[in-house]
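> starting from these lines, generate the structure:
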Amino acid sequence: MKFPALPKNNALTIGIRGQSKYGKTYLSNTFNTIPNSVVADTHRTRSTVETMKILNNSKLRRIRTFDELDSMATEFAVEYKPNSSFVLDSGSDIVNLAMLKYKEQHGKNPFEFTWQTVWDYIKTFMETVTGSGNDLILTLMMKRRRNEQGEIIPGVWQAHEWKDLEYHASAMFSLQRGVQIGQKLWFPYRIFVKVDSNRFSPIGSTKPMIVGSFTRPNVLEQLQHEYRGTIKDVLNEYYHSLYDSEYNNDVRFCRDIKELLGPELKEADSVDDLVGDKHEKPVQQTEDELIISSENRDSMEI
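Next up, the predicted model:
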């Protein structure tokens, strides 16, 4: 049984979560064909500039205010054909930019602050991009999670993002290092691209699935050679996939890994074989290797 593909004319909003140096910018630029991708950069980091050079994409603009972002989105909507992509790197800054605009227009009196106005700025920007039939891609930084006392919780990260983004997004991806099965971390030197949620999936938006992997260090070089299709191709592939109910999540997780890693796991016919000593020994979790669980991926509270 196959499901119909995602409508080609349906503009998507995508969030890509990941820690620094995991390849968020590269991945966001491969969502559609690169000549049709423009990037609004809020940081102008060296890694972003280098990534754009590797991709041979010169359509990068430094964004300092929300008005500049709005202006760029309007130009993009007019100049680019549908199925192009507008990348906001980093999308984690969108709330701060909207707040600064609000304060400039309405003053800084905390007793008169209206969050709804801030949300309206963001929604209008998103509608400007997607309303023209183009896709909006937001890269999302990960930050250390803190307890109620403000102390960092070792090994726990959470996405730094607009709290309503996942509600509005068509799909959310995350880049993660290794795969956690039980209390062990397998393949710690590979970065896995995982679908966290997908509104269009017939099997439910909460079913995670691994859709690709590449190795460290040299993340960008690996992506160049190994990541053949665009992210939209990946999303369509995920959309076509069916969940086999006879397997639990861990087993399906392992089976997906087996399919992705190919020859090096060719002889693994079972979960035990897949995670056995003859393939790769697990490593104990360290602070930077803990995989972010769903309960630790709470949206930023404002």
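
> need the strands for the protein, in chain order.
Listed in chain order, the strands of the chain (DSSP state E) span 13-18, 37-41, 60-62, 85-89, 135-146, 152-159, 171-181, 184-198, 209-215.

> and the shortest one, which strands flank it?
Going back to what we said before, that points to strand 60-62. Strand pairing for strand 60-62, determined by DSSP bridges: strand 37-41 (parallel).

> tell me the mean pLDDT for the partner strand?
Strand 37-41 carries an average pLDDT of 86.

> if we look at that strand, which residues are touching it?
By C-beta atoms under 8 Å, 6 or more residues apart in numbering, the list of residues contacting strand 37-41 from outside reads 25, 28-29, 31, 48, 52, 57, 59-63, 69, 72-73, 76, 80, 84-89. Heads up, the C-betas are built off the backbone N, CA and C, glycines and all.

> if we go to 6 Å?
29, 48, 59-63, 69, 72, 76, 85-89 (C-beta atoms under 6 Å, 6 or more residues apart in numbering).

> how about residue 38, nearest residue that isn't a chain neighbour?
Nearest non-adjacent residue to residue 38, counting by C-beta to C-beta, 6 or more residues apart in numbering: residue 59, 4.1 Å away.

> still on that earlier bit, out of the strands of the chain, which gets the lowest mean score?
strand 209-215 (a mean of 49).

> for the closest residue to residue 175 other than its chain neighbours, the count of nearby residues, please.
Nearest-residue entry for residue 175: residue 18, 3.4 Å, with adjacent residues in sequence omitted and distances by C-beta to C-beta, 6+ apart. Around residue 18 there are 24 other residues, counting by other C-beta atoms under 10 Å.

> residue 18 contacts residue 176, doesn't it?
No: contact between residue 18 and residue 176 fails when scored by C-beta atoms under 6 Å: they sit 7.6 Å apart.

> all set now, cheers.
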